[in-house]
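*Asks:* sequence first, predicted coordinates after that:
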Amino acid sequence: MTLPERLWEALRLDPATVAARARFYRAYAELEEPPFDVRDLAELMRDRPPGGFGPRVINLIGKEAGAVGQRLRKIQRPLGGGPWVRLAEVADALRNAAIAELLLQTQAGRATLLEASRGYSELGLPFGDFLAVAAAGDRERSVSAAEQVDALLSDSQITNTGLLGSAALATPAQQRYLLLTAAPDATDLRSRLAEAPQAHQTTAVGVTSQPFSTWWRLGSLLSHLESDAEGIRRELARIIAELAEAHSRQLQLATADDHHWSTGRAQTDLIDLDLAGAVAISARIMRQREIRPWRFDGDFPALSPLARISLQIGLQLGADAPPSDDYLDSRTGAW
């Protein structure tokens with residue numbers, strides 16, 4: 001089991017309930033794609049019931065489903081709400097499954113994170129690259145992200161071939177993922193990162209709605225990590241602790257609803273994947289640059305048990321593990 005017993009006690013969840021949560025999201029991700037959605041049906045019924053069906057219930061599971069699809073094509077309504085909708089739903093379901101799996105078994109959670117990353121990357125979201133770098137240390141993606149951050153700081157056009165286009169890179173949330181992904185290979189951008197407008201943006205981002213500038217500072221510090229930079233290490237530990245306690249408060253509020261919490265149906269993420277991923281990336285940077293690794297007692301002595309959960313998962317993700325062949329370039333390897 002991934003979490004130490006004392007953290008399971010703090011979480012107040014039965015591991016079997018967490019496993020059921022993982023199975024639910026995995027099953028949703030593997031559902032057959034529906035031929036049409038609610039918006040399609042609303043368009044079909046906008047004026048009156050379609051001819052040939054009559055004033056009765058239309059069985060969308062049986063043979064009549066094909067007839068409905070034909071009618072929708074005649075009114076030139078794109079079925080399924082666009083090519084990216086189902087892809088996004090599957091990626092989100094896999095992300096939720098991974099969160100549950102990481103609490104139980106690191107390797108299973110790591111593999112599911114890599115599955116989710118493929119969907120997000122196909123959409124063109126930097127979050128996909130962030131998950132791949134956090135889960136498996138994908139060096140090629142880190143280098144590519146560093147080039148994109150350079151273009152972002154230079155106000156240059158960033159090419160994005162994903163389904164959502166360049167708009168995916170315009171949001172603060174995705175710029176944050178871009179920087180965290182690039183951090184191991186962004187050492188040449190250090191001074192520019194501190195001077196960038198993003199360093200002062202206070203937009204709330206992430207599952208705990210923390211200021212964008214805090215996350216930008218975190219990414220900037222990661223790129224600055226050196227074996228002789230104790231001040232940077234201490235500041236990085238302070239920000240990690242601040243973000244961890246923010247997630248802890250969110251978990252505490254969620255546990256107040258005992259019914260939904262105990263049955264695994266609370267809407268709060270059990271792990272802050274953004275923080276866990278950043279910690280995993282920091283652990284790999286430290287190992288690469290021969291910096292002494294994180295230690296709970298020495299670096300985060302005041303953290304509450306709930307605040308330690310995402311850090312614990314991040315440290316386990318950042319430990320050496322054989323990356324998926326799909327995410328490891330044989331020429332560059334994993335850092």
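*Replies:* Looks like it came in fine.

*Asks:* from here on, contacts and neighbour counts on C-alpha atoms
*Replies:* Fine.

*Asks:* nearest residue to residue 12 in space, please, no chain neighbours.
*Replies:* Leaving out its chain neighbours, the residue that sits closest to residue 12 by CA to CA, 6 or more residues apart in numbering is residue 262, at 7.5 Å.

*Asks:* just to check, the one you found is in contact with residue 15?
*Replies:* No: assessed by CA atoms under 8 Å, residue 262 is found out of contact with residue 15, at 10.7 Å.

*Asks:* so who does residue 11 touch?
*Replies:* Shown in contact with residue 11 (CA atoms under 8 Å, 6 or more residues apart in numbering): residue 306.

*Asks:* from residue 254, how far off is the residue nearest to residue 12?
*Replies:* Distance, residue 262 to residue 254, using CA to CA, to the nearest Å: 10 Å.

*Asks:* go on, residue 95?
*Replies:* Using CA to CA, one gets 20 Å for the distance from residue 95 to residue 254.

*Asks:* which one's more surrounded, those two?
*Replies:* Taking other CA atoms under 10 Å, residue 95 and residue 254 do not tie; residue 95 has more neighbours (26 against 17).

*Asks:* got the residue ranges for the helices in the stretch 1-150 of the chain?
*Replies:* For the stretch 1-150 of the chain, the helices defined by DSSP state H, counting those that start in this stretch cover 5-11, 15-29, 38-44, 64-74, 85-104, 106-123, 126-136, 139-153.

*Asks:* in CSV, list these along with distance to residue 312.
*Replies:* Shown next, in CSV, are the helices of the stretch 1-150 of the chain (distance: least, CA to CA, whole Å):
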stretch, distance to residue 312
helix 5-11, 9
helix 15-29, 16
helix 38-44, 41
helix 64-74, 48
helix 85-104, 9
helix 106-123, 11
helix 126-136, 14
helix 139-153, 23
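
*Asks:* excluding chain neighbours, give the residue nearest to residue 98 in space.
*Replies:* residue 109 (4.6 Å).

*Asks:* for that neighbour, give me the pLDDT.
*Replies:* Model confidence at residue 109, expressed as pLDDT, equals 97.

*Asks:* can you pull the contacts of it?
*Replies:* 97-103.

*Asks:* check residue 152 too.
*Replies:* Contacts of residue 152 by CA under 8 Å, 6+ apart are residue 158.

*Asks:* okay, now residue 228: neighbour count?
*Replies:* Residue 228: 9 neighbours (other CA under 10 Å).

*Asks:* where does it fall, helix, sheet strand or coil?
*Replies:* Following DSSP: H, G, I helix; E, B strand; the rest coil, the label given to residue 228 is coil.

*Asks:* for residue 234, see how far away it is.
*Replies:* Counting by CA to CA, the separation of residue 228 from residue 234 is 12 Å.

*Asks:* how much space between residue 168 and residue 94?
*Replies:* In terms of CA to CA, residue 168 sits 20 Å off from residue 94.

*Asks:* please apply the same query to residue 312.
*Replies:* The value you get for residue 312 to residue 94, if CA to CA is used, is 21 Å.

*Asks:* please identify which of those two sits among more neighbours.
*Replies:* Counted by other CA under 10 Å, residue 312 and residue 94 do not tie: residue 94 has more neighbours, with 27 against 21.

*Asks:* which ones are touching that one?
*Replies:* Contacts for residue 94 (CA under 8 Å, 6+ apart) come out as 25-26, 29, 112-113, 115-116.

*Asks:* how about 10 Å then?
*Replies:* 22, 25-30, 88, 100, 109, 112-117, 119 (CA atoms under 10 Å, 6 or more residues apart in numbering).

*Asks:* check residue 273 too.
*Replies:* Under the criterion of CA under 10 Å, 6+ apart, the contact list for residue 273 reads 95-96, 98-99, 113, 131, 134, 206-207, 279, 310-311, 313-314.

*Asks:* likewise for residue 243?
*Replies:* 208-210, 214-215, 237, 272, 274-275, 307, 310.

*Asks:* what about it, which helix or strand?
*Replies:* helix 230-255 (DSSP states H and E).

*Asks:* what's in contact with the following helix or strand past that helix?
*Replies:* Downstream of helix 230-255, the first helix or strand assigned by DSSP H and E is helix 258-262. Residues outside helix 258-262 that contact it (CA under 10 Å, 6+ apart): 11-14, 17-18, 251, 254-255, 264-268.
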